[in-house]
Structures are given as structure tokens and as C-alpha cells.
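In: Could you look at this predicted model? Sequence included:
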Amino acid sequence: MTQAQAKHLKDYQAPAYTISHIDLNFDLKGNETTVVATSKVQRVGQHTENLILVGEQINLQSVLINGDKAQYQEANNELVIQTNLDDFELTLVTLQDPEANSSLEGLYMSDGAYCTQCEAEGFRRITYFLDRPDVLAIYTVRVEADKTAFPFLLSNGNLVEKGETTAGRHYVRWEDPFPKPSYLFALVAGDFDLLEDKFVTRSGREVKLQVFVDKGNLHKANHAMVSLQKSMAWDENRFDLEYDLDIYMIVAVDFFNMGAMENKGLNVFNTKYVLADTASATDEDYHGIESVVGHEYFHNWTGNRVTCRDWFQLSLKEGLTVFRDQEFSSDLGSRAVNRIQAIRVMKNQQFAEDAGPMSHPIRPESVIEMNNFYTVTVYNKGAEVIRMMHTILGEKNFQLGMKCYFERHDGQAVTCDDFVNAMESASGIDLGLFRNWYSQAGTPVVSVTDSFDADKKQYQLTVKQSVQSQGEKGKLLHIPFSVELLDAEGQSINNQVLAVKQTEQTFTFDGIESMPVPSLLQDFSAPVRLDYEFNVDQLVHLTRFATSEVARWEASVGLFSQAVWQNVESLSAKESMHLDPRVIEAVRGVILDENIDKALVAEILAFPTAAALIEQVDTVNLDALQAAREFVVDELAEACLDELVTRYRSLITEDNPAARAFKNICLVLLSRVSSEYEQLVTEQYKAAANMTDSLAALKAAVSGQLSCKDALMQDFEQKWLSTPLVMDKWFSLQASQNTPEVLEVIKSLTKHESFSFNNPNRVRSLIGFFVAANTYQFHEANGSGYEYLTDILIKLNELNPQTAARMITPLIQFSKFDLERQQKMKQCLLRLKGLPNLSKDLFEKVEKALA
Ligand code: B3K
Ligand code: ZN
């Protein structure tokens, strides 16, 4: 397979030619769509190499150099052009069929609208080009289409001309004054409802803001607009960064492979991250929209103004921009709850990725299909690496570092090293050892032991670090290790960030009167696994007294997890299960405490999922885990029944997201315990004034398999049949059922009128949800879940390889399961490997998993 060649970071070479300007002319006409691309090409330096452009699935019509027919060869996804000229104009004409493009990369149709997705390497499906991020060009774009069907013709930058042509067609010309890499190019043509507003920047420039949504959805665009305005203001206040164009557009499309895309001045969004009203979107959806709108907006500086030299540097823009969107959400909402959610992604998903065959450093060194590297490692661990620098430098120095980064690199394509260098120069703080975080794969383990000397009034912590990747010992790292010490009364007696920089280090705390309780790695100050033997009393103490709310949540997770694992042991020793009353008291205390943020209580009562628990161990007996986990949750819910009912009733009258979250987790817990509470569920469903409450009632009915379940699910389906994003919630609920019939239910739902294999949102909500979140049923011992996923992947391999490759994750992360299950998963991978037309996307993951 010539296609499946890996590229290596160490082989990076600057381009032999560059393109300073490109003029694109799109004549949008269904399967006779043509694109004329006229590029100003310059040879870089003195050499005689050919110009090599890349392209995929290109139907090339003609090649001209300075208006004359050119000498060229077209083979293996390359267009090779022989020329002696140092500076010339190259004109390529290609023919496209956007409707036939189901991969949703390059130029495609989304429900009647033309739309593009170019990151990472989609531009090469539009024309042959130097499709690499270190070639920055000025774009001018002319778009022509039928005026009635496509009244809006959009591209990057400023609209400079428009007019009518022949036979009901019209055209628009756009100019983007900022040089950009091809991955930031975008075009949209369609008929939309338009919400318009403005933002006045702090220097007094007025920016026109536009949100385009499918017809009939105008009333659902407001939250996205407000989120955009908040993002623009926040970036000025916190990062001193102002918007640069006179217009900012967001277009919501139905068919989209991921969340959204930061194309310069023209963001394209998945409808999921734009459309919201309280009837159809949950509080969680509102939060998601605010954070994704922010994320894409923040890319305007971190990604667009300063971009990546090559794709191995992806974390330069993604890690940094995730850090920025996390800070945005934390400044606007609850810092603790945002942090808890980020920690969950790290521990449940990123640690799993690092323990599996796709493990890579935040700056990968070798890649077959770039789309496979938009990962929790590059994004979320990348953000943790930025966060550690922020912790080490402090906000003031960090912002000086940002300033230095932009002063040095505005308008350039640079590397992760350039970013760290700027942080180092501006702060004067040595980040030499710290740089290893960029090249080290795997999750480091920090092991801690402690001792107390009453005579010396001394407490000591001994901290050891180690990291392994592919069985090999890894590099030494600079780990900011946050510690708080609590005395017996729960008073905080010490709170600091230790700089762990050696394999083993001992830290001494003087003037300590009695053995303290340590809160370690507070707020997840580094993306590492903490190894310290907490006992139940210490964890109870921390849930009550740790200064940090995040640390209190962590301690509650520790208590719950220990209880589960002890019962797993009991089961294997054929002993009966049991729950320590101290754990019950701690949970009861949390439920009753009127002073804790209700959103935090909801996080605590959401108890670690099976998938989260699996991440804590090397091997798992899934059946025992299920029995033990469900036992512990049931015991807790039963023991706290009265408290849950009381809080539930008092929370009903409160109308805010935190109260709803607490109330709804109470309902889910109650519905597990007894059908006695079924009435609360039906009452809440009927009375619900918003999607958060009605969905929570439905969830309680489904997870408790209550007798009202079918009727409520039917009612919901009828009500929302024509609202795809809400049907996605219904599909996920169907797929979440922990019953043996669930697989048959899912199979029949793929024929549901609202379902389509062509739409990634539908596929993810039904099948993606099943494989990623219904742990017990997906991993059913007979292997039926694995076989089903494999059938689906075979179908998606042709239809949409990117979506296929994202969904394969639970099938390649098999190492923790028993040998029978592992065997069955590998059989499925072999079936995929045997496909004659396996996409690069799946090939890379299947190969690594089977290696
Ligand atoms: N940069 C895009 C992701 C592109 C993914 C390409 N497979 C969205 C984001 O991170 O903002
Ligand atoms: Zn991003």
C-alpha cells in the first residue's frame, strides 16, 4: 500500500517552492462544479527541483504556466511540474462532484448547502496545492452559484464585489488580507436564516457578527451569538488580544465530522455547537456551545495569526487553545466544575489512550493519517502541559510569554519549541527539563510516601517519578506537584507547588505539630498518575476539609473507587459484599451540606463510571466490576434515600443549572432504588419546562428500566421527530440501556426515519454512544458488541473514514480485558485488516493495535 506511508517529524524540510497568492474561482454546479485555482508560485532558494503539488481524488482538466500549457506528470496523488522559472503563475482547473463526497472533507454538500472542510489535509481534495501549513498565501475567492438555491455565498475575509451573471446565477468575490495556510480556507454556499449583531473592539472598531443557521432555526442562534461576544471581550481582557477583520461569520451545518472549524473569519460549526433554546437544549449543551464558540474564536490568534510549521506541531495551536477555552469557561462559570470535567477527560480518556496502541507524545513523531492525531493527547494533555507552564510561571509571566510569542511570530508558521522559548525568554524561568513533556509518550507515575517525626515536628514527603513508553524507561520531567497539608481539625497548614525535577526527591515541612493529612497533586497539577496509599479516614477528612473543591471531589472519587475494588476482591474470594459506613456518612454529609456548590455535589454524586474505574487498574474482571460498582451505588442510594428525597423536593423550585444538576442526579439515584419513585419521574417529565429536566426524567426511567420507560420514550420521540439534535439524545438513551436486548434495539434503530449513516451526529449518538459509554453491553462476553462495531466500521470505511477511525477506539484499547475478550477483539481487528480497500485512517489504528 503506497498510501499508508508514515511521515516523520525528523524528516521535516522547508518547502522548495512557496505560493504567495492564490485566486480561487468556484463555479458551483452540482456534479459539474469546476474550480480554477491561479497561484503565484516562487522558487525558494537556488535549486533545480521540480514543483511537487499534492492532491487526492482530483479530476484535473488543465495545467497552465503563465497562460501556456505546462509540462507535468500526475501520479500517486502528486502533480509534478517541470519548469525553469523562479516566479510564475500556475493555473489549474479541476472538476468536482460535491454531492458524491460522503467523507465530509474537501468540498461537499451538507443538506443542500455547499461547504468545505480543509483541516488537516482536505484542501488537496479541491485542487493540487502545496497543502502544508508552512505555506502562507493571500487568498482571493470568487464563488458563483444559482441565486435562488444558494442566496449566501461565503468565504474568508471581506466581501469586495458581488453581482448577477447569466440565467439566475450570481457571484461574490472575497479577499482575505491575512496570509494563511490552505487548511484555514473555507467556502459555504446555501440558504440560511441569519442572525446579525456587532462587537465594538476596545480600540473602537466595529465588527459585524453573523450566525447562519438552517431555515426555521433563527430563534436558536442567540446563545451562540452571545457566546461569541463574550469570547471577544474575554480575549481582550485576559489575553490582551483584539479581533482583526471587520466581519466574523459562523455557519452551522448538519453534516460535520467534528465540533467546529476555525477557518479565518468564517467558522463552520456542527449544528450541535450552535443551536439552542431551553426547550430543546440542556444546560450541558449551553455550556458546550459557549466553550466551542470560544475555542474557535480564540484560534484566531493561537492558530491563525500564528500557525503550525508542520502537523506534528498541532498541539502548538490545539493544546494552547484548549487551555484558553478552559480558562474562558472557568472565568465565566465555576472554575472547580470546569476543572473536574477536564480532569475526567484526562483520567478516563487520555490515560486510556496512553495505555493503548495509539499512545503518542503531545508532539507526535510519526503519523500515517493526520486526522488520527486530533486526539485527547494532543488537545487535552497538550492543554495540561500549557497549564503546567502557567502554574510554574504564574499568570503575569505567562502573559508576558504570550506577548513575546506574538511579537516574535505573528504571521509565521512555527513550532512548539518556539512557544516554550518565548515563555522562557519572557519569564527568565528555565524550562529546559520541562521541554521533555513534548517528546515523552505515556502517563508518568508519581509515587509518594510520607513520614512524621513528632520530636522534630517534621513531616516529610518522598516523591519518585517514572514514565514508561512501549516498555522503555522514559525521560525525566519537571513536574509541578501541588500539595496541601491539613491538620487534624481540618485547618490548612501548608499549601504550595513543589518542583519535582529528580527521579527521587524528599521534601521536608518543619513546625508540624501532628501527622497531617496530605492533599496531593491538588487540582491535578500535572498529567500524571498519583500513587499514594490513602486510607478511608484520610479520604473522608479530605472530602470535608480540603481547601480546593476539586480536591474534595477527588477524595470522594477515591472513596468510591476503593469501595468498589474492595468488593471486587470480596467477590473473587467468594465473600459477600459490604460497604464501609464511613463512606456512606461521607456521601450523606455531602448531600446534606447546604454550603457546598450544588454543581459540585452533582459531580460528586455522579460516581465514577465503569469506564473510569477500568482506567485505575491494569486488568479487569468486568463481571465482578459490574456487580461491585452497581452494589456500591445501590447501597449509597438506599442508605441516603431520605436525604435524596428531601433535597430533591426542595430543589424543584430552584431554576438554575447547578440546582437542576443536583436535583436530577438525586432523581436518577432514587429511580435505581425502588419503583416507588416512579411517580417522581413521570411527574418531572410531564412538568418539565426545559430539556434538562425532561431528559433527566427520561434518563432516570431508562437507567432504572421503570415501567413508564416505553411510554415516555414514545412520547419524546413523537414530540421531537423533526428535531435531529434532540433525536440524537433519544438515540443515545436507547443505546445506553444495560439490557441484553440493547444490541437488537440499536440494529433496528439504524432503520429509523431519523437515522442516517451519512450523518456523523446520528452515527455517533446511536452507535458511538453504545461502544464508548455502554461498557457492560459493548463488552458482552459473547463478543456480539465487537462484531457489530466491526460491521459498522466496514460500512463507514467507505462512507466516512474519519468517523470510522474515531469510533474504533474501544476496540483497540483491549489490553485490560480478559484473554477471551481480547481474543475476540483481535479477531475483529483482523477482519478489518483484511479489507481490500481499508482507509489510511483505520489502517493506522488497526496495524498499531495488532502489532
Ligand atoms: N481545528 C479543528 C479540528 C480539525 C480536525 C480535522 N480532522 C477544530 C478545532 O480544534 O478547533
Ligand atoms: Zn482547536
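Out: Perfect, thanks for sending it. Ligands and ions are numbered 1, 2, ... in the order given.
In: near ligand 1, which residues of this structure show up?
Out: 119-120, 258, 260-262, 295-296, 299, 318, 371, 374 (CB under 6 Å from any ligand atom). C-beta here means a position set from N, CA and C on the backbone, and glycine is covered the same way.
In: Return the subset of those lying in helices.
Out: Among these, the members falling in helices are 295-296, 318 (criterion: DSSP state H).
In: Dump those to JSON lines, plus neighbour count and pLDDT.
Out: Rendered in JSON lines, the data for those read as follows (neighbours: other CB atoms under 10 Å; pLDDT from 0 to 100):
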{"residue": "H295", "neighbour count": "26", "pLDDT": "99"}
{"residue": "E296", "neighbour count": "25", "pLDDT": "99"}
{"residue": "E318", "neighbour count": "24", "pLDDT": "99"}
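In: distance of Y374 from A805?
Out: As judged by CB to CB, to the nearest Å, Y374 and A805 stand 10 Å apart.
In: more neighbours, those two?
Out: Using other CB atoms under 10 Å as the criterion, Y374 and A805 rank with A805 on top: 24 against 17.
In: C-alpha coordinates for the helix or strand harbouring the more buried one, CSV please?
Out: With elements taken from DSSP states H and E, the one containing A805 is helix 801-807. Listed in CSV are the C-alpha atoms of helix 801-807, where the atom choice follows Å, rounded to 0.1, in the frame of the first residue of the first chain:
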residue,chain,number,x,y,z
PRO,A,801,-13.2,7.0,7.2
GLN,A,802,-12.7,9.8,9.7
THR,A,803,-15.8,8.9,11.7
ALA,A,804,-14.9,5.2,11.4
ALA,A,805,-11.4,5.8,12.8
ARG,A,806,-12.8,7.8,15.8
MET,A,807,-15.3,5.1,16.7
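In: which other residues reach it?
Out: If you take CB atoms under 8 Å, 6 or more residues apart in numbering as the criterion, helix 801-807 is touched by 103-105, 257, 369, 371-372, 760, 763-764, 767-768, 771-772, 789, 792-793, 796-797, 839-842, 844-845.
In: What subset of these is buried?
Out: Of all the contacts of helix 801-807 considered here, the ones buried according to neighbour count by 16 or more other CB atoms under 10 Å are 103-105, 257, 369, 371-372, 760, 763-764, 767-768, 771-772, 789, 792-793, 796-797, 839-842, 844-845.
In: Ramachandran coordinates for the residue in the stretch 601-750 of the chain that ligand 2 sits nearest to?
Out: Ranked by CB to the ion, the top residue of the stretch 601-750 of the chain for proximity to ligand 2 is L725, at 21.5 Å. In terms of degrees, to the nearest 10, the main-chain angles of L725 are phi -70, psi -30.
In: Enumerate the residues of the stretch 201-350 of the chain near ligand 2.
Out: Of all the residues in the stretch 201-350 of the chain, those in contact range of ligand 2 (CB under 5 Å from the ion) are 318, 321.
In: need the strands for the stretch 201-350 of the chain, in chain order.
Out: Shown for the stretch 201-350 of the chain, the strands assigned by DSSP state E, counting those that start in this stretch span residues 206-213, 247-253, 260-261, 266-270, 307-308.
In: now the third one: mean pLDDT?
Out: What strand 260-261 shows for mean pLDDT is 98.
In: for the longest one, same thing?
Out: For strand 206-213, mean pLDDT is 98.
In: One more: the second one?
Out: Here the mean pLDDT over strand 247-253 is 98, rounded to a whole number.
In: which residues sit against it?
Out: 110-111, 113, 115, 154, 158-159, 188, 190, 192, 199, 207-214, 217, 221, 224, 228, 265-271, 273-275, 293, 296-297.
In: which phi and psi does the residue of the stretch 551-700 of the chain found nearest ligand 1 have?
Out: Sorted by distance to ligand 1 under CB to the nearest ligand atom, the residues of the stretch 551-700 of the chain start with A611, at 23.5 Å. Backbone dihedrals for A611, given as degrees, to the nearest 10, come out at phi -60, psi -40.
In: N758 too?
Out: Phi and psi for N758, reported as degrees, to the nearest 10, are phi -80, psi -20.
In: was I right about it contacting K795?
Out: No - if you go by CB atoms under 8 Å, N758 and K795 don't touch, sitting 10.8 Å apart.
In: Give me the common contacts of those two.
Out: Common neighbours of N758 and K795 (criterion: CB under 8 Å, 6+ apart): none identified.
In: In contact with the closest residue to R821 other than its chain neighbours, which residues are there?
Out: Counting by CB to CB, 6 or more residues apart in numbering, H779 is the residue found nearest to R821 once chain neighbours are left out, at 6.3 Å. By CB under 8 Å, 6+ apart, the contact list for H779 reads 622, 785, 817, 821.
In: Report the contact partners of the closest residue to H360 other than its chain neighbours.
Out: The shortest distance from H360 to any non-neighbouring residue, by CB to CB, 6+ apart, is to A441 (5.4 Å). Contact criterion CB under 8 Å, 6+ apart gives 354, 359-361, 469-470, 474 as the residues in contact with A441.
In: cool, and Q349?
Out: Taking CB under 8 Å, 6+ apart as the definition of contact, the neighbours of Q349 are 376, 380.
In: Only the buried residues of stretch 512-528, if you could.
Out: Under the neighbour-count rule (16+ other CB under 10 Å), stretch 512-528 has 512, 516-528 buried.
In: what do you get for stretch 146-160?
Out: When neighbours are counted by 16+ other CB under 10 Å, the buried residues of stretch 146-160 are found to be 150, 152-157.
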